[in-house]
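Visitor: Coordinates for the following, if possible.
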Amino acid sequence: MNVQEEGLYVSYLASGSSGNCTYIETPKRKILVDSGLSGKKIAELMSKINRNIADVDSIFVTHEHRDHVHGLGVLARKYHMDVYANEATWKAMDHIIGNVKTEQKYIFEMGQVLTLGDVDVRSYGVSHDAAEPQFYSFHYEGKQMAMLTDTGYVSDRLRGLLSNADAYLIESNHDLELLRMGQYPWSLKQRILGDEGHLSNEDGASAVAEMLGHNTRRIYLGHLSKDNNIKTLAHQTAESVLMQKGKAVNEDFFVYDTDPAEPTELFRV
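Guide: Residues are numbered from 1 along each chain as shown. Here you go, the predicted structure:
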């Protein structure tokens, strides 16, 4: 990458109920957020955006659910990556990820800001049925990419904290009617619909509508359920909600899809 092209680059390598992983790059850092697929699959996804998994120096963990940590132990051990998570998440995922060397394990608690080389990382709590789930926003030379999935609701405080980011990954987990009419047992439906579950297409779009600002150029729809959603439906719902709220979709900003098995383009924030 030449000097003119330096910046904050992102690819959502995989996003969905089957596995989640995001790649973030600055001139000095190469980072993953979560590793919810096999190490081999993540390496393949990296190659599709012309990047090498061996160059990644750090992994940030949002929470201990398997669709976020499946490949974590393998990647940490094989490529000697530093791993960042809060203490409660470390305790909850220890038996899932296997042994990680002490010198690779870092405690990054909720509500903190960590400077890592040339990038600032902010952690913030979400409402999900995990030990202590937290997500991250990444800041580089005035640019910000914010991630917000795996949450049952978005508080006013969180909306304010994440306002006016240049790019968002926002949860668009399920269509309400598809979920209600689907084959999931009622207890699982209640979990998904609850305050510690997942945002619907409408809820995710409504939340990001209150956060976006004049800097916002990209909104990515993430963590779609393979059973209770359809990509085209999520996209249409998001654009419809945003337009109803007076937002200039496809003029001031654009809405993009993610995929559980294919990476998005590596874009500059």
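Visitor: count of residues packed around Tyr23?
Guide: 23 (other CB atoms under 10 Å). The way it works is simple: take the backbone N, C-alpha and C, and place the C-beta from them, glycine included.
Visitor: ugh, wrong one, Lys28
Guide: 12.
Visitor: Surely it and Asp118 touch.
Guide: Yes. Contact criterion CB atoms under 8 Å: Lys28 and Asp118 qualify, at 4.4 Å.
Visitor: And Arg159, how far from Glu210?
Guide: For Arg159, the distance to Glu210 equals 5 Å [CB to CB, to the nearest Å].
Visitor: for Asn52, same thing?
Guide: 39 Å.
Visitor: tell me which residues of stretch 195-204 are tucked away?
Guide: 196-204 (16 or more other CB atoms under 10 Å).
Visitor: hey, where'd the helices end up in the stretch 101-250 of the chain?
Guide: Listed in chain order, the helices of the stretch 101-250 of the chain (DSSP state H, counting those that start in this stretch) span 156-161, 176-181, 186-193, 201-211, 231-244.
Visitor: CA atoms only for the last one, dumped as CSV, please.
Guide: Spelled out, that is helix 231-244. Extracted in CSV, the C-alpha atoms of helix 231-244 (Å, rounded to 0.1, in the frame of the first residue of the first chain):
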residue,chain,number,x,y,z
LYS,A,231,-30.8,-10.8,2.7
THR,A,232,-33.0,-9.0,0.2
LEU,A,233,-35.7,-8.6,2.8
ALA,A,234,-33.3,-7.2,5.4
HIS,A,235,-31.9,-4.8,2.9
GLN,A,236,-35.3,-3.5,1.7
THR,A,237,-36.5,-3.1,5.3
ALA,A,238,-33.4,-1.2,6.3
GLU,A,239,-33.7,1.2,3.4
SER,A,240,-37.4,1.6,3.9
VAL,A,241,-37.1,2.4,7.6
LEU,A,242,-34.2,4.9,7.0
MET,A,243,-36.2,6.7,4.3
GLN,A,244,-39.3,6.9,6.5
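Visitor: got the buried residues for it?
Guide: Neighbour count says helix 231-244 has 234-235, 237-239, 241-242 buried, by 16+ other CB under 10 Å.
Visitor: what ranges do the strands span in the chain?
Guide: 9-14, 21-25, 30-33, 58-60, 82-85, 105-107, 113-116, 119-125, 134-140, 143-148, 167-171, 218-222, 254-257, 267-268 (DSSP state E).
Visitor: Now render these as TSV, adding distance to His70.
Guide: TSV is the format used below for the strands of the chain (distance: least, CB to CB, whole Å):
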stretch	distance to His70
strand 9-14	11
strand 21-25	9
strand 30-33	13
strand 58-60	12
strand 82-85	14
strand 105-107	18
strand 113-116	24
strand 119-125	21
strand 134-140	18
strand 143-148	18
strand 167-171	19
strand 218-222	17
strand 254-257	22
strand 267-268	25
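Visitor: TSV for those strands, including mean pLDDT?
Guide: As requested, the strands of the chain are exported to TSV (pLDDT from 0 to 100):
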stretch	mean pLDDT
strand 9-14	98
strand 21-25	98
strand 30-33	98
strand 58-60	98
strand 82-85	98
strand 105-107	98
strand 113-116	98
strand 119-125	98
strand 134-140	98
strand 143-148	98
strand 167-171	98
strand 218-222	98
strand 254-257	98
strand 267-268	98
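Visitor: Of the ones you listed, which is nearest Glu44?
Guide: strand 9-14 (9.5 Å; CB to CB).
Visitor: which strands and helices sit next to the closest one?
Guide: Applying 3 or more CB pairs under 8 Å, 6 or more residues apart in numbering; DSSP states H and E, we find strand 9-14 packed against strand 21-25, helix 39-48, strand 267-268.
Visitor: who's in contact with the last one?
Guide: It stands for strand 267-268. For strand 267-268, the external contacting residues (CB atoms under 8 Å, 6 or more residues apart in numbering) are 5, 7-11, 167, 218.
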